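>>> Next comes the sequence, and after it the predicted model I'd like to discuss.
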Amino acid sequence: VQLQAFGGGLVQAGGSLRLSCAASEHTGSFYIMGWFRQAPGKEREFVAAISWTGRTTDYADSVKGRFTISRDNAKNTVYLQMGSLKLEDTAVYYCAAKYRELSRALDEYAYWGQGTLVTVSS
């Protein structure tokens, strides 16, 4: 499975942005999809994940209530709607895919897309 993330850019604090991640195969609808981010000088961290049905989601505490993960299996695409953006949300955002259960563990995700940079300015 190949993943391609896009939609990053420069946004003012308090603003919104939507990231997208497209999977290369139709069987992408059977994967758990996750979003992770890596800020400059920091380790990559979990942001959100969604089950293949879309009925189960998980969020890092730092983004809960501000970010929404969703997926359109007909389009093999997962989205991350980001709102009330803060300076500390600045990072390279990565999408990833895994089988079976939802997880926050990076090493459980077998497939990764290239990152897309989100920069939040004051």
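Received the coordinates, thanks. Only a predicted model underlies this, so the values are computations on that prediction, with no experimental measurement involved. Residues are numbered from 1 along each chain as shown.

>>> Now do the same contact list for the residue most central in space within the chain.
Centre of the chain computed as the mean C-alpha position; nearest residue by Cα atoms, centre = their mean is residue 35, 2.4 Å away. The neighbourhood of residue 35, defined by Cβ atoms under 8 Å, 6 or more residues apart in numbering, consists of 19, 21, 47-49, 69, 78, 80, 93-96. Every residue, glycine included, has its C-beta placed from N, CA and C.

>>> and the closest residue to residue 101 other than its chain neighbours, how many neighbours?
Once flanking residues are discounted, residue 101 sits nearest to residue 32: 7.0 Å by Cβ to Cβ, 6 or more residues apart in numbering. Residue 32 is flanked by 21 other residues according to other Cβ atoms under 10 Å.

>>> now do the one 5 residues further on
Using other Cβ under 10 Å, residue 37 is surrounded by 24 other residues.

>>> What mean pLDDT does the strand or helix carrying it get?
In this assignment (DSSP states H and E), residue 37 forms part of strand 32-38. Mean pLDDT, strand 32-38: 96.

>>> quick one: contacts of the next helix or strand after that strand?
With elements assigned by DSSP H and E, the helix or strand that comes after strand 32-38 is strand 45-50. Residues external to strand 45-50 that are found in contact with it (Cβ under 8 Å, 6+ apart): 32-38, 56-60, 63, 67, 69-71, 78, 80, 93, 102-106.

>>> List only buried entries from those residues.
Using 16 or more other Cβ atoms under 10 Å as the burial test, the contacts of strand 45-50 include 32-37, 58-60, 63, 67, 69, 71, 78, 80, 93, 102, 104 as buried.
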